[in-house]
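Novice: Sequence and predicted structure below; questions after.
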Amino acid sequence: MTNKEFNKIICSRIRTLRQSNKLTLEKLAYQSGISKGGLSEIERNMKEPRIYTILKICTALDITMEDFFRFQEINDYAKTL
């Protein structure tokens with residue numbers, strides 16, 4: 001898996017978690033302290049999120065970083081290492 005593919009999975013995970021929590025882009029942006037435009041670019045895989053940005057999103061979603069990274073695509077990737 002390339003870095004681009006990995007980043008796409010992370011960006012998709014952010015969108016999936018936002019939607020499953022029934023949050024609008026604007027609401028998550030406000031709760032996380034990330035600009036709406038920046039969050040939109042991340043979700044569309046136009047901008048690579050930094051680890052601190054992911055932490056802010058996790059805090060806004062009330063989940064741990066461990067929870068964020070606990071999903072099938074990441075598990076599959078880890079098995080290839």
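Specialist: Looks like it came in fine.
Novice: all contacts plus neighbour counts: C-alpha atoms, from now on.
Specialist: OK.
Novice: what's the average pLDDT for stretch 19-32?
Specialist: Over the span of stretch 19-32, the pLDDT mean works out to 97.
Novice: Quick check: buried residues in it?
Specialist: By neighbour count with 16 or more other CA atoms under 10 Å, stretch 19-32 contains the buried residues 25, 28-29, 32.
Novice: tell me the contacts of the most centrally placed residue in the chain?
Specialist: Within the chain, the residue whose C-alpha comes closest to the C-alpha centroid is residue 14; the distance, by CA atoms, centre = their mean, is 2.8 Å. Contacts were defined as CA atoms under 8 Å, 6 or more residues apart in numbering; by that measure residue 14 touches 43, 57.
Novice: for this structure, what are the low-confidence residue spans?
Specialist: Per-residue confidence for the chain (pLDDT under 70) gives these ranges: 75, 77-81.
Novice: where do the helices sit along it?
Specialist: Chain-ordered helices for the chain, with DSSP state H as the definition, fall at 3-20, 25-32, 36-43, 51-61, 65-68, 72-79.
Novice: Tell me which residues of the fourth one come out buried.
Specialist: This means helix 51-61. In helix 51-61, residues buried by neighbour count (16+ other CA under 10 Å) are 53-58, 60-61.
Novice: Mind exporting the C-alpha coordinates of it to CSV?
Specialist: Below are the C-alpha coordinates for helix 51-61, written out as CSV (Å, rounded to 0.1, in the frame of the first residue of the first chain):
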residue,chain,number,x,y,z
ILE,A,51,-1.5,13.6,13.6
TYR,A,52,-2.5,16.6,15.8
THR,A,53,-5.4,17.2,13.4
ILE,A,54,-6.6,13.6,13.8
LEU,A,55,-6.3,14.0,17.6
LYS,A,56,-8.4,17.1,17.5
ILE,A,57,-11.0,15.3,15.4
CYS,A,58,-11.0,12.3,17.9
THR,A,59,-11.5,14.7,20.8
ALA,A,60,-14.4,16.3,19.1
LEU,A,61,-15.9,12.9,18.3
